[in-house]
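1. have a look at this fold, sequence not included:
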């Protein structure tokens, strides 16, 4: 199974430009990928300064133009895509990710751990943490700051996730290292799809750290990118490597858990 | 508050030698420390080959000679010590740590996640994960392989632990990096007291990885040691730095948890 990410530098508010760029890059004839992960808010950029702006740039999933465009790419390339975008659902906005495939829309996830000023603009997600079936592979989706709560990925792992598709807009670089811990403690693959670039809007400026990477269940970095460069990376993996939680003859990462001791 | 570790290379089975070494080093007139952490099985070495051997080298806590020797050092130096040792309790043996202070024995912890062949020789701990009060500071104790289960340190952190005293005999080097993740996700200090050296006994040989370290709640490495060297490191910290779980104006590491989504 070929899994990958596209790290780039979305232009704030320029949905058409961002979607077009993704559409062109992912539909390159040479590109061959089964599961492609795009950054958080890949279509709009990150640094919203008002609720109104968020409302204007958010879309319904899957009816909105962004999810529709991704569905078209997924169909043309016979691949699955996980991508972050601001979602409008009735009067609420969510920091969401859609999961689409060759046969259309599959599922969505709404970030449950909102970061910083996202709390002013977005509602906490309401969808349970459940891995999504992509062919025979179970893919869990988390968004950016979800990483710092070990319970989030743990929940997906205990429910069978073999791959974590993780769109991010990281302003710090902790998760690039911490994702190795997360992969090891849960014995699964992680596709950390980060963005790069700088957004200075209103009173806040953010510099995004790039360095997207793909980590194996054993903590190996299978692919990684620099801190400021457009880059697609794709690696060939065997998702079943995430099924065996045995560390050695005596230890199993999941069976050795002692829930009665845990809060 | 001065916290530290003594990384060394215990000689297997040579309790007297190991205790004497610790006693001499920790009672050096120049040494000034409030909380000292020693490696897992500091008094006996690690590579047991039979249950009988474990029975012979294990001791009651606090009645045994090892805990008594540590109590004496703690009293003489007016400090607290956390140290790993094999414990005998009735007919059961545990991979334990004792916590002693200037006024004597305080508490013990028995490893709940046994590693590899420890399962042949030791019983899973029965003591709940609770931080220990050392003066006004709350110290949580974990032993080696406990690290890979994020729930263990999380439990101690949620119960108020400001410092994790972590005796280890690490044969791999994952935790030296992962401890940074653990410190960040729980916003607390970690004293990773590892051993170095090589033990070849029976059919199994182990090489221990040293590189003990002290990590701040912000993931900074405050002190660290090489992979193969006796070394005492002590740093001056403010334990209250672990109390504030706010990451920024909007985010709090604990209040932002969403337990209803977690398994």
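-> Noted; the coordinates are in hand. A quick note: this is a predicted structure, and the numbers were derived from the prediction, not measured. Numbering: from 1, shown residues only, chains lettered A, B, ... in the order given.

2. and the strands in the stretch 51-200 of chain A?
-> For the stretch 51-200 of chain A, the strands defined by DSSP state E, counting those that start in this stretch occupy A:80-89, A:92-101, A:104-110, A:132-134, A:137-141, A:163-167, A:189-193, A:196-201.

3. dump those into CSV; add mean pLDDT as well.
-> Formatted as CSV, these follow (pLDDT from 0 to 100):
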stretch, mean pLDDT
strand A:80-89, 98
strand A:92-101, 98
strand A:104-110, 98
strand A:132-134, 96
strand A:137-141, 98
strand A:163-167, 99
strand A:189-193, 98
strand A:196-201, 97
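
4. quick one: low-confidence parts of the stretch 151-263 of chain A?
-> For the stretch 151-263 of chain A, applying pLDDT under 70 flags no range at all.

5. kindly report the residues of it close to chain B.
-> A:151-152, A:154-155, A:158-159, A:174, A:177-178, A:180-182, A:184-185, A:219, A:248-251, A:253, A:256-259, A:261-263 (Cβ under 8 Å from any Cβ of the partner chain). The C-beta positions use only the backbone N, C-alpha and C, and glycine is treated the same way.

6. do that again at 10 Å, thanks
-> A:151-159, A:172, A:174-175, A:177-182, A:184-187, A:218-219, A:247-251, A:253-254, A:256-263 (Cβ under 10 Å from any Cβ of the partner chain).

7. in chain A, which spans are helices?
-> Assigned by DSSP state H, the helices in chain A fall at A:15-26, A:51-57, A:65-77, A:118-121, A:150-158, A:174-186.

8. mean neighbour count and distance to residue B:88 for these - can I get that in CSV?
-> Output for those, formatted as CSV (neighbours: other Cβ atoms under 10 Å in any protein chain shown; distance: least, Cβ to Cβ, whole Å):
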stretch, mean neighbour count, distance to residue B:88
helix A:15-26, 17, 63
helix A:51-57, 15, 63
helix A:65-77, 19, 62
helix A:118-121, 18, 53
helix A:150-158, 23, 34
helix A:174-186, 23, 32
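
9. a markdown table for these, including distance to residue B:166?
-> As requested, these are exported to a markdown table (distance: least, Cβ to Cβ, whole Å):
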| stretch | distance to residue B:166 |
| --- | --- |
| helix A:15-26 | 44 |
| helix A:51-57 | 43 |
| helix A:65-77 | 45 |
| helix A:118-121 | 34 |
| helix A:150-158 | 17 |
| helix A:174-186 | 15 |
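
10. nearest to residue A:198 among these would be which one?
-> helix A:15-26 (15.7 Å; Cβ to Cβ).

11. which other helices and strands contact the closest one?
-> Applying 3 or more Cβ pairs under 10 Å, 6 or more residues apart in numbering or on different chains; DSSP states H and E, we find helix A:15-26 packed against strand A:2-7, strand A:35-37, helix A:65-77, strand A:80-89, strand A:231-236.

12. chain center to it, what's the gap?
-> 17 Å (Cα atoms, centre = their mean, to the nearest Å).

13. list the contacts of it.
-> A:4, A:6, A:8-12, A:14, A:31, A:33, A:36, A:38-39, A:41-45, A:57, A:59, A:64-66, A:68-70, A:72-74, A:76-77, A:79, A:81, A:83, A:85, A:230-232 (Cβ atoms under 10 Å, 6 or more residues apart in numbering or on different chains).

14. just want the angle from it to strand A:2-7.
-> Helix A:15-26 and strand A:2-7 meet at an angle of 140 degrees, taking axes from the mean of the first three to the mean of the last three Cα atoms, to 10 degrees as the criterion.

15. burial count for the closest residue to residue A:127 other than its chain neighbours?
-> Distance criterion Cβ to Cβ, 6 or more residues apart in numbering or on different chains; nearest residue to residue A:127, sequence neighbours excluded, is residue A:110 at 5.3 Å. Using other Cβ atoms under 10 Å in any protein chain shown, residue A:110 has 22 neighbouring residues.

16. surely residue A:110 and residue A:58 touch.
-> No. Counting by Cβ atoms under 10 Å, residue A:110 stays clear of residue A:58, with 11.6 Å between them.

17. who touches both of these two?
-> A:87, A:89, A:92, A:93, A:94, A:95, A:96, A:122.

18. contacts only, for the spatially closest residue to residue A:201 that is not a sequence neighbour.
-> Counting by Cβ to Cβ, 6+ apart, residue A:201 lies nearest to residue A:47, which is 4.5 Å off, once chain neighbours are set aside. Contacts for residue A:47 (Cβ under 10 Å, 6+ apart) come out as A:12-13, A:41, A:53, A:117, A:169, A:198-202, A:204-206, A:208.

19. ok, of those, which come out buried?
-> With burial judged by 16 or more other Cβ atoms under 10 Å in any protein chain shown, the buried subset of those is A:12, A:13, A:41, A:53, A:117, A:169, A:199, A:206, A:208.

20. what's the first-to-last distance across stretch A:253-263?
-> From its first residue to its last, stretch A:253-263 covers 18 Å (Cα to Cα, to the nearest Å).

21. name the residues of it that come out as buried.
-> A:253, A:256, A:257, A:258, A:261.

22. can you give me how far that stretch is from the chain middle?
-> Using Cα atoms, centre = their mean, the offset of stretch A:253-263 from its chain centre is 27 Å.

23. can you give me the neighbour number for the nearest residue to residue A:130 once chain neighbours are set aside?
-> Leaving aside its sequence neighbours, residue A:130 sits nearest to residue A:159 (Cβ to Cβ, 6+ apart; 6.0 Å). Residues within reach of residue A:159, counting by other Cβ under 10 Å, total 14.

24. of all the helices of chain A, which lies closest to residue B:192?
-> helix A:174-186 (13.7 Å).

25. just checking, what packs against the closest one?
-> Helix A:174-186 packs on helix A:150-158, strand A:163-167, strand A:189-193, strand A:204-209, strand A:213-215, strand A:221-224, helix B:150-158, helix B:174-186, going by 3+ Cβ pairs under 10 Å, 6+ apart.

26. repeat that for 7 Å
-> helix A:150-158, strand A:189-193, strand A:213-215, helix B:174-186 (3 or more Cβ pairs under 7 Å, 6 or more residues apart in numbering or on different chains; DSSP states H and E).

27. so what's the gap between it and the chain middle?
-> 15 Å.

28. pLDDT score for whatever residue of the stretch 1-150 of chain A ends up closest to chain B?
-> When scored by Cβ to the nearest Cβ, the stretch 1-150 of chain A has residue A:150 as its residue closest to chain B, at 3.7 Å. pLDDT for residue A:150: 98.

29. tally of neighbours for residue A:42?
-> Neighbour tally, residue A:42, other Cβ under 10 Å: 27.

30. okay but it is in contact with residue A:84, surely?
-> Yes. Counting by Cβ atoms under 7 Å, residue A:42 does reach residue A:84; the two are 5.7 Å apart.

31. so what's the residue lying closest to residue A:121 once chain neighbours are set aside up against?
-> Excluding its sequence neighbours, the residue lying closest to residue A:121 (Cβ to Cβ, 6+ apart) is residue A:54, at 4.4 Å. Counting by Cβ atoms under 7 Å, 6 or more residues apart in numbering or on different chains, residue A:54 makes contact with A:48, A:86, A:93, A:121.

32. for residue A:173, same thing?
-> A:209, A:211.

33. if you set the cut-off to 6 Å instead, what comes out?
-> residue A:209 (Cβ atoms under 6 Å, 6 or more residues apart in numbering or on different chains).

34. can you check the one 10 residues further on too?
-> Residue A:183 is in contact with A:190, A:215, A:217, A:219, counting by Cβ under 6 Å, 6+ apart.

35. residue A:164 versus residue A:87, what's the distance?
-> 20 Å (Cβ to Cβ, to the nearest Å).

36. give me the more crowded residue out of these two.
-> Neighbour totals were compared for residue A:87 and residue A:164, and residue A:164 leads with 29 against 26 (other Cβ under 10 Å).

37. may I ask you to confirm that the more buried one is in contact with residue A:189?
-> No. If you go by Cβ atoms under 6 Å, residue A:164 and residue A:189 don't touch, sitting 7.0 Å apart.

38. now the residue of the stretch 1-150 of chain A closest to chain B. Nearest residue, chain neighbours left out?
-> residue B:150 (3.7 Å).
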